[in-house]
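A.B. asks: fold the following.
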Amino acid sequence: MQKIDYKNKLNPAQLDAVQSIQGPHLVIAGAGSGKTRVLVFRVAYLVEKGTKPDEILLLTFTRRAAAEMLRRASILLDERCQKVGGGTFHSFANYILRRYSKFLGLSEHFTILDQSDAEDTINLIRTQLGFAKSDKRFPRKRAILEVISKSINRSENLEKVLYDEYPQFIEWTDEIERIRKEYVTYKFTKSMLDYDDLLVFLKLLLQKHESVRSRLSDKYKYIMVDEYQDTNKLQADIVRLLSGEQANVMVVGDDSQSIYSFRGANFKNIIDFPKVFPKARVIKLEENYRSVQPILNLTNEIINCSKERFEKRLFTRKKGVGMPFYIETHDENAQSSYVAQKILQLREEGVELGSIAVLFRSGWHSNDLEVELAGRNIPFVKYGGQKFVEAAHIKDIISFLRIVYNISDAVSWHRALLLMRGIGAKTAERVINEVVINQKGLNSDDKLLTRYDDLKALIGLLKKIDPAHSAPGKLIRLFLEYYNPLLKEKYDDFHKRINDLDSLERIASRYDSLEEFLGDMALEPPERSIVEAGRRDKDDLTLTLSTIHSAKGLEWHTVFLLFAAEGHLPSYLSLEDEEAIEEERRLFYVATTRAKENLFIIKPHIDRSPRSYFSHSNSVFTQPSRFLTEGDILKKYVQSESIAAVSSMLDEVSLEDIL
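C.D. replies: Presented below is the predicted three-dimensional model:
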């Protein structure tokens, strides 16, 4: 007798997906459509129909996701569901390779290198080959490992990865390729695998050894894969090889939410599934349980302009009449002020901070907002990128300004000195003793101060500055010229940090006083705001700031989307690449589908473009994002919000005033 009433617990499309168990199936699960529910019920359905739990394989992207699904299936049916084979691709690969290692010439006792171990191994090889002593700075161990890993996960050669993401290292292509080959040999001879090797060797095992592949295909009669749009080519090949002749494989995902190409995810895996499995049935989950219909109307139109996609249109039974808001502000700071004021207004209306999120394309997009929130004592947590004032390169520049303000600031001197080429801890201590401890300042005649070019240049720059008549913005511009070669020397990803430094300059330019600027940057750290707010009102959670990538899979009552402008969303790095633009569109879609009740899309007037390694142009990026102008979206699916009304009500109000 059937224990679970599937028909009454699932909508028709979900029920179809759960009960369709023979042959290949692709479940296109729209945002908020109950994808996890389908996988949980399908596990229970298979077990209830008599399938042995160890004949079912559930592959997910985190161990926690697999464990939670099996736990829920066990509650739904019984404890047999806990015996289903569930886990990540990497954990499954580890399990299989341990059993069949001899087929690949591996020891069954092979060790797995974690990130740190792998970096240290790369560094050992780098040093042994003599590349660490090059006249020009050679890439560090982390950057080299990242290049090698991305090459594997994207199935691209090293040169393409370097050209696309590490152009500053393109001259070292041959040397990095040699390190890669030595790294492969070193690991294999010592029975060591890194995370990428687990997938590489599993695919090799399935490809080269038919007896093993056949045995595994017979064992795992039903295969399910979650978040299939996030798989890389290696993972898709493993699924194809494992599925066997019966191909009882169901993959679940949303082509419209494929946004992780930088990690190696291949959009074509989900698009081409019906080609790889010609007998595949496509089932679409289109009923949304998250958002009100006006938000879905907007998101449907955004994704309808995609060049390549599966047709679907999300709908909901949730009531909601107000359309999403579109707001244009005078500049970035006005954007920050609007968001802060609107959050306070929502909080006054009973919407908790914990149910509000501010989303953005890149971590640096929230820099100005973070300062604004701290000033209004609005607590927040940030995901996907370091908090602005905690970033090392921001601290570097601030240290120069603090030396200008206080020549005896030994802590700032120490940070600044260790940035300089040729200066280590002992030399730094000697300089600090001369300048600070012995109180000789910049007028010391010690030859030590002229021995190192970077130190000599800094001393010369400091002597030209009048602290009493130097605006913070102007000072930062001066120091950026000095700092630029040090930035490139210290950080392999320096080109990704430049926008943060631009943000710092823009924020500083609003201050006339160096004292006031340094005070504001130091006195309201985010952690203190969070702690103090928690003491005042434990029921009032913190606001979420997040990159769109880190927000995928989450939802909030109210969502603010920043910088909905050309060059920001879509990113300026994608403007000449059609495939990249399509992924940017999917990013926009993911952001807008996180909102349940309220969605605010904001475009500030931008007086200069983002800076990149390739270009430092000051082109004007003033147009709304193309994802809003296609198909008359701005005219049909959003309404304007009055900035004046919000400003007049809550201008300069802080969270303390409301609480």
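
A.B. asks: I'd say Ile283 and Gly30 touch.
C.D. replies: No: taking CB atoms under 8 Å as the definition, Ile283 is not a contact partner of Gly30, at 11.6 Å. (C-beta placed from N, C-alpha, C; glycine too.)

A.B. asks: those two: which is more packed in?
C.D. replies: Set side by side, Ile283 and Gly30 show more neighbours around Gly30, with 27 against 19, by other CB atoms under 10 Å.

A.B. asks: could you list the low-confidence segments of the stretch 551-659 of the chain?
C.D. replies: Counting by pLDDT under 70, the stretch 551-659 of the chain has low-confidence residues at 607-621, 642-659.

A.B. asks: residue ranges of the strands in it, please?
C.D. replies: Assigned by DSSP state E, counting those that start in this stretch, the stretch 551-659 of the chain shows strands spanning 556-561, 595-604, 639-640.

A.B. asks: any chance of the ones you listed in JSON lines, plus mean neighbour count and distance to Asp194?
C.D. replies: As requested, the strands of the stretch 551-659 of the chain are exported to JSON lines (neighbours: other CB atoms under 10 Å; distance: least, CB to CB, whole Å):
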{"stretch": "strand 556-561", "mean neighbour count": "23", "distance to Asp194": "36"}
{"stretch": "strand 595-604", "mean neighbour count": "24", "distance to Asp194": "39"}
{"stretch": "strand 639-640", "mean neighbour count": "12", "distance to Asp194": "51"}
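
A.B. asks: I'd like those strands as TSV, with distance to Pro167 appended.
C.D. replies: Below are these laid out as TSV (distance: least, CB to CB, whole Å):
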stretch	distance to Pro167
strand 556-561	30
strand 595-604	29
strand 639-640	41
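
A.B. asks: to Ala428, which of the ones you listed lies closest?
C.D. replies: Closest of these to Ala428 is strand 595-604, at 41.2 Å (criterion: CB to CB).

A.B. asks: tell me the angle the closest one makes with strand 556-561.
C.D. replies: 20 degrees (axes from the mean of the first three to the mean of the last three CA atoms, to 10 degrees).

A.B. asks: in its sheet, what does strand 595-604 sit against?
C.D. replies: Here strand 595-604 is paired, per DSSP bridges, with strand 325-329 (parallel), strand 556-561 (parallel).

A.B. asks: compare these and give me the one nearest Arg63.
C.D. replies: Nearest to Arg63, of the strands paired with strand 595-604 and by CB to CB, is strand 556-561 at 25.7 Å.

A.B. asks: hey, C-alpha coordinates of that closest one in CSV?
C.D. replies: Taking C-alpha atoms only, strand 556-561 is exported to CSV below (Å, rounded to 0.1, in the frame of the first residue of the first chain):
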residue,chain,number,x,y,z
TRP,A,556,14.3,37.9,0.8
HIS,A,557,11.1,39.8,1.4
THR,A,558,12.7,42.9,-0.2
VAL,A,559,15.7,43.1,-2.6
PHE,A,560,17.6,46.2,-3.8
LEU,A,561,19.7,45.8,-7.0
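
A.B. asks: nearest to Ser412, of the strands of the stretch 551-659 of the chain?
C.D. replies: Comparing those under CB to CB, the one sitting nearest is strand 595-604, at 32.5 Å.

A.B. asks: what's the spacing between that closest one and its chain's center?
C.D. replies: 20 Å (CA atoms, centre = their mean, to the nearest Å).

A.B. asks: name the residues that touch stretch 145-160?
C.D. replies: Contact partners of stretch 145-160, identified using CB atoms under 8 Å, 6 or more residues apart in numbering, comprise 115, 118-119, 122, 139, 161-162, 165-166, 169-170, 173, 176-177, 179-180, 183, 195-196, 200, 232-234, 261, 263-264, 266.

A.B. asks: rerun at 7 Å
C.D. replies: 118-119, 122, 161-162, 166, 173, 176-177, 180, 183, 196, 200, 232-234, 263-264 (CB atoms under 7 Å, 6 or more residues apart in numbering).
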